[in-house]
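> turn this into a structure:
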Amino acid sequence: MFNEKSRLSKFKLDFRLIREIDTGLLIATILLVLYGIFNIYLCTKGDLSAYGPFYYVKKQSMSFVLSMVALYIFVAVDYRIMYRYITIFYWGSVALLIAVWIPFIGVEVNGARGWITLGIGNLQPAEVAKFAIILMVAKILDEIDCEVNNIRNIGKILIYVMIPVSLILFQPDMGMTMVCFFIVLGMIYVAGLDKRIILGGFLAIFLAIIVLWNTPLILPHQKARIASIMNPDPDNSANGYQLNQSLIGIGSGGLAGTQPSLDSEIAPGYTGTHVPEIQTDFIFAAIGEQWGFVGIMFLLGLYAVLITRMVNIARKAKDRFASLVCIGIVSYFLFAITQNIGMTIGLLPITGITLPLISYGGSSLLTTTMAVALVLNIGMRKKKIHF
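The predicted structure is shown next:
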């Protein structure tokens, strides 16, 4: 597809391209990460366990530094060179998903066999696979000229998607499965998929859930999470308790929040609420409680800048592949933000979906930063450099 003569080994950034970088997108990304790190500290500053009050913020800060290195690499190397290695990257992510089941390599966290131990930390292969799916689907759509209403073409896409998604579902990780589904849906919709097919697909999923409700394929805790949305108040189980505490915390934040204290001796819980693992999936509840409506609007404002900038880059991209990659990343952000916030306020089922760039989690932060870096890369190279 491309006649680019550069080599992957060239990691030196051409400074003539710096003036083309989308500074708004870059600044919004860095501010989101820093806002997340600060709120992670506030969530865990009263940790009296062996980890201590600075454990999570130190690890997230280290992940941030690593993410900035990855951002530089993904900005410096022309995305058209990366195009050649997408297939290798895709199958590498599949291999990582399989590796979680190898003894002494894969580890189980919170009931899911979805992590690989690296000695200095754990890697979540599903996060890598999410990124690989975006690239692979964009590559296939480019190769088939976006003819997605052809049965053979759509079948090819589904096969490449279902291989990693099946492995993710088997862990089990329903949250990441949903993320991948909506990423692909957004990409093939923009590519021109018939709306009747989309509606038929949603209907088929709805009917499948009804049919499978009383089978072992839908786990008890997943049913409980769905049921807790319908009637959360009397539910004192782990699922209902988490949602109730989240609602209490966000509600108590008011306009300007509870004015968080930096005193590390104050136990976590703020104004009496305490959400288990609040620094990960439910960090939005902490932001709502400590910073109130003002803090929430600041967060959503940064996300609005980030998403609108990425959409603008997608529209101006030099080629179809680049545009589709941007759309896939935008689809991820839109769904992950909606799902994460929706579950903390009781509008959507509770899943293990992190709030992008905000929640604690090195794998999520690294791959999400890489995705944003790729969009920056595409935006920088939307036109030729003039000497």
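> tally of neighbours for residue 70?
Residue 70 has 16 neighbours, counted by other CB atoms under 10 Å. Backbone N, C-alpha and C define where each C-beta goes, glycine included.
> find the nearest non-adjacent residue to it, please.
Beyond its immediate neighbours in the sequence, the residue positioned closest to residue 70 (CB to CB, 6 or more residues apart in numbering) is residue 370, lying 5.2 Å away.
> which strand or helix spans the one you found?
Assigned by DSSP states H and E, residue 370 belongs to helix 362-380.
> summarise which helices and strands that helix is packed against.
Of the remaining helices and strands, those touching helix 362-380 by 3 or more CB pairs under 8 Å, 6 or more residues apart in numbering; DSSP states H and E are helix 23-44, helix 55-76, helix 79-82, strand 122-123, helix 125-143, helix 283-316, helix 320-344.
> 6 Å - rerun?
Helix 362-380 sits against helix 55-76, helix 125-143, helix 283-316, helix 320-344, with contacts defined as 3 or more CB pairs under 6 Å, 6 or more residues apart in numbering; DSSP states H and E.
> buried residues in the first one?
By neighbour count, with 16 or more other CB atoms under 10 Å as the criterion, the buried positions of helix 55-76 are 56-57, 59-61, 63-64, 67, 70-71, 74-76.
> any chance of those residues in CSV, plus pLDDT and distance to residue 256?
Putting these into CSV (pLDDT from 0 to 100; distance: CB to CB, whole Å) gives the following:
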residue, pLDDT, distance to residue 256
56, 86, 25
57, 88, 23
59, 89, 30
60, 92, 25
61, 93, 27
63, 92, 30
64, 94, 27
67, 93, 31
70, 92, 36
71, 93, 33
74, 90, 38
75, 90, 37
76, 87, 42
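> gap between stretch 167-183 and the chain center?
Its chain's C-alpha centre and that of stretch 167-183 lie 12 Å apart, by CA atoms, centre = their mean, to the nearest Å.
> what's the mean pLDDT across that stretch?
For stretch 167-183, mean pLDDT rounds to 87.
> residue 309 and residue 288, how far apart?
Look at residue 309 and residue 288: by CB to CB, to the nearest Å, they are 25 Å apart.
> and the gap between the spatially closest residue to residue 22 that is not a sequence neighbour and residue 326?
Nearest non-adjacent residue to residue 22, counting by CB to CB, 6+ apart: residue 379, 4.8 Å away. Noted for residue 379: a distance of 8 Å to residue 326, by CB to CB.
> same thing with residue 381?
Plainly put, residue 381 is 12 Å away from residue 326 if you go by CB to CB.
> so those two - more neighbours on which side?
residue 326 (27 against 20).
> how many neighbours does the nearest residue to the more buried one once chain neighbours are set aside have?
For residue 326, ignoring the flanking residues on the chain, the nearest one in space by CB to CB, 6+ apart is residue 314 at 3.5 Å. Residue 314 has 21 neighbours, counted by other CB under 10 Å.
> test my guess that residue 314 contacts residue 328.
No: contact criterion CB atoms under 6 Å: residue 314 and residue 328 do not qualify, at 9.5 Å.
> overlap in contacts of those two?
Counting by CB atoms under 6 Å, 6 or more residues apart in numbering, no residue touches both residue 314 and residue 328.
> residue 257 touches residue 292, doesn't it?
Yes: using CB under 6 Å, residue 257 is in contact with residue 292, at 3.5 Å.
> got the phi and psi for residue 116?
phi -120, psi 130 (degrees, to the nearest 10).
> residue 88 versus the nearest residue to it once chain neighbours are set aside, what's the distance?
Closest residue in space to residue 116, ignoring its immediate chain neighbours: residue 123 at 4.7 Å, by CB to CB, 6+ apart. Using CB to CB, residue 123 is found at 18 Å from residue 88.
> between the two, which one's more packed in?
residue 123 (20 against 10).
> which secondary element of the chain has the worst mean pLDDT?
Lowest on mean pLDDT, DSSP states H and E among the helices and strands of the chain sits helix 220-230, with a mean of 59.
> report the buried residues of the following helix or strand past it.
Using DSSP H and E, the next helix or strand after helix 220-230 towards the C-terminus is helix 238-253. By neighbour count with 16+ other CB under 10 Å, helix 238-253 contains the buried residues 239-250, 252-253.
> can I get those residues in CSV including pLDDT?
As requested, the buried residues of helix 238-253 are arranged in CSV below (pLDDT from 0 to 100):
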residue, pLDDT
239, 57
240, 66
241, 71
242, 74
243, 77
244, 77
245, 79
246, 79
247, 79
248, 79
249, 79
250, 81
252, 78
253, 78
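> would you agree residue 114 falls within a helix?
No: per DSSP: H, G, I helix; E, B strand; the rest coil, residue 114 lies outside any helix segment and is strand.
> show the contacting residues for it.
Applying CB under 6 Å, 6+ apart, the residues near residue 114 are 100, 124, 126, 171, 173.
> which one of these is nearest to residue 154?
Lowest distance from residue 154 to those (CB to CB) belongs to residue 126, with 23.6 Å.
> mind checking how far the closest one is from residue 358?
Applying CB to CB to residue 126 and residue 358 gives a distance of 18 Å.
> if anything else comes up later, I'll come back, but that's it for now.
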